[in-house]
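# Here is the input, now give the coordinates:
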Amino acid sequence: MTLAHIAGFPIISGLLLALADIAGAAPAGDAGKYILTPKPGPLPRINGPSVYGARPGRPFLYRIPATGDRPVRFSAHGMPASLRLDPATGIVSGATPGKAGESLLTLRAWNSHGAATRYFKIVVGDTLALTPPMGWNDWYTHYDRVTADLIRRAASSMVSSGMADFGYQYVNIDDWWMVKPGYTDPDLGGEPRGADGSIRPNGRFPDMKGLTTFIHSYGLKAGIYSSPGPLTCAQFAGSYGHEEADARKFAEWGFDFLKYDWCSYGRVASGTNAQDRKRPYELMGSILAQLDRGIVFNLCQYGMDEVWKWVAPWAATAGAPRATSAWKRTHAFPAFTPLRSKTPSTPNTPVPATGTTPITFSSARWARLTAPGTRSSPPRSPRTSNTATCRCGL
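As a prediction, this is how the structure comes out:
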């Protein structure tokens, strides 16, 4: 991620950036290495996308991203009757209209210095993620140390740092939230599935519904992770053979985004051709499309069989006409390392924020490839993650 193009990178995998780092001083000793975005001015400015996709009759949640001196008040003209706006927070909630169509809203934000207006179109249909999802993923921050409390702190930091004011809205859990089969650690071991076959969280995540409710209280979205294989990349319970039960559990918990990581699926795949590699994503996608909650589907399968070519036609065949590329980028600033979890052996020592900045700057040259319909990484690039996001809730 280059700070001059912060809106161009949808998912920050790693450390959530403090706005002070985005718009203020560079980390000590690194003066001149960073292109810093100017600090937002006192006048209100409405940021984020101008178009938003939602499925008919599903829960709706959107936080209007706006900078400017607080307090800022909000209004919306032309909003469907099934939606409501909190004028103090700018959070729009309720239910998407039950029929396909478009609603053109006029958003307004004002404070003691002035006002700003912007058009905002809600498109009700089969398509979600009309623009690339922007948010944060815990993996490069917490790895095996992730807990529900750390995810809550990340959600709070997304708002307090100012990231949410620029349009970042997803707070995503990666691997290590499930039960690890055969593991004796009471926090991580146990029965991986309930009596109904649905997946169970481990002891670090005692209340998934409460966690998503907390994230949603900020107007943010909650993301979760699984694998089509029997095990995730970290050897935790995957969704193989339990796809429908898991998808319904994710919706019941209130998640808005699913990262589906290939991991161990190669062990159970019937073959190695393109159709074999499509199959697990087609299965989960068809299930997600039938849920009573819109869930953005993130295909993480390492670019096998030129996924950027087949995902769009497949999505159209499945009743979801659009797919796009999603980048997972890494970045860490020493000034914000207190958010990072501690090592078990040294509980008072933050984990060093090393290794992510070189990846960020080495991949900055490929920012132009993040547009819908293009590849998310250059050929043979070892440092760029190939993922595709289905723009429809499949």
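# only C-alpha atoms for contact and neighbour calcs from this point on.
Fine.
# remind me which residues of the stretch 101-250 of the chain are low pLDDT?
By pLDDT under 70, the stretch 101-250 of the chain contains no weakly predicted segment.
# quick one, strands of it?
Ranges of strands within the stretch 101-250 of the chain are 101-111, 114-124, 135-137, 170-172, 221-226, based on DSSP state E, counting those that start in this stretch.
# which neighbours does the last one have in its sheet, and in what orientation?
Using DSSP bridges, the strands paired with strand 221-226 are strand 170-172 (parallel), strand 257-261 (parallel).
# Could you check the helix or strand following the longest one and say which residues are buried?
Beyond strand 257-261 on the C-terminal side, the first helix or strand identified by DSSP states H and E is helix 274-288. If you call a residue buried by 16 or more other Cα atoms under 10 Å, then helix 274-288 has these buried ones: 277, 278, 280, 281, 282, 284, 285, 286, 287, 288.
# Please apply the same query to stretch 91-102.
Going by neighbour count (16+ other Cα under 10 Å), the buried part of stretch 91-102 is 91, 92, 93, 94, 95, 96, 97, 102.
# between those residues, which is closest to residue 51?
Of all these, residue 51 sits closest to residue 102, with 9.9 Å by Cα to Cα.
# what sits against the residue nearest in space to the middle of the chain?
Geometric centre of the chain, nearest residue: residue 170, 4.0 Å, by Cα atoms, centre = their mean. Residue 170 is in contact with 133, 134, 135, 136, 220, 221, 222, 223, counting by Cα atoms under 8 Å, 6 or more residues apart in numbering.
# coming back round to it: can you list the strands paired with strand 221-226 in TSV and add distance to residue 115?
Putting these into TSV (distance: least, Cα to Cα, whole Å) gives the following:
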stretch	distance to residue 115
strand 170-172	27
strand 257-261	33
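# now the helices: where do they sit in the stretch 151-300 of the chain?
Remark: helices assigned in the stretch 151-300 of the chain by DSSP state H, counting those that start in this stretch are 208-217, 243-253, 274-288.
# how about the CA coordinates for the first one, as CSV?
Yep, that's helix 208-217 we're talking about. Presented in CSV, the C-alpha positions along helix 208-217 are these (Å, rounded to 0.1, in the frame of the first residue of the first chain):
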residue,chain,number,x,y,z
MET,A,208,-19.5,-14.9,17.8
LYS,A,209,-22.9,-13.3,17.6
GLY,A,210,-21.9,-10.8,20.3
LEU,A,211,-18.7,-10.1,18.4
THR,A,212,-20.5,-9.2,15.2
THR,A,213,-23.0,-7.2,17.1
PHE,A,214,-20.2,-5.1,18.6
ILE,A,215,-18.6,-4.6,15.1
HIS,A,216,-22.0,-3.7,13.6
SER,A,217,-22.6,-1.1,16.4
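# what does that helix contact?
61, 148, 152, 155, 171, 201, 221, 222, 252, 253, 254, 255.
# How far off centre is it?
The chain centroid and the centroid of helix 208-217 are separated by 15 Å under Cα atoms, centre = their mean, to the nearest Å.
# how far off strand 221-226 does it point, in degrees?
With axes from the mean of the first three to the mean of the last three Cα atoms, to 10 degrees as the basis, helix 208-217 and strand 221-226 are set at 140 degrees to each other.
# Helix 208-217: which residues count as buried?
By 16+ other Cα under 10 Å, the buried positions in helix 208-217 come out as 208, 211, 212, 213, 214, 215, 216.
# As a markdown table, the strands of the stretch 101-250 of the chain with distance to residue 44 would be great.
Output for these, formatted as a markdown table (distance: least, Cα to Cα, whole Å):
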| stretch | distance to residue 44 |
| --- | --- |
| strand 101-111 | 6 |
| strand 114-124 | 6 |
| strand 135-137 | 22 |
| strand 170-172 | 23 |
| strand 221-226 | 23 |
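# Out of those strands, flag the one nearest residue 310.
Of all the strands of the stretch 101-250 of the chain, strand 221-226 sits nearest to residue 310, with 21.5 Å by Cα to Cα.
# tell me the contacts of residue 72?
44, 88, 89, 109, 110, 111.
# rerun that using 10 Å as the cut-off
Contacts for residue 72 (Cα atoms under 10 Å, 6 or more residues apart in numbering) come out as 43-44, 66, 87-90, 108-115.
# now residue 191
179, 180, 181, 182, 183, 199, 200, 201, 202, 237.
# Perfect, that will be all.
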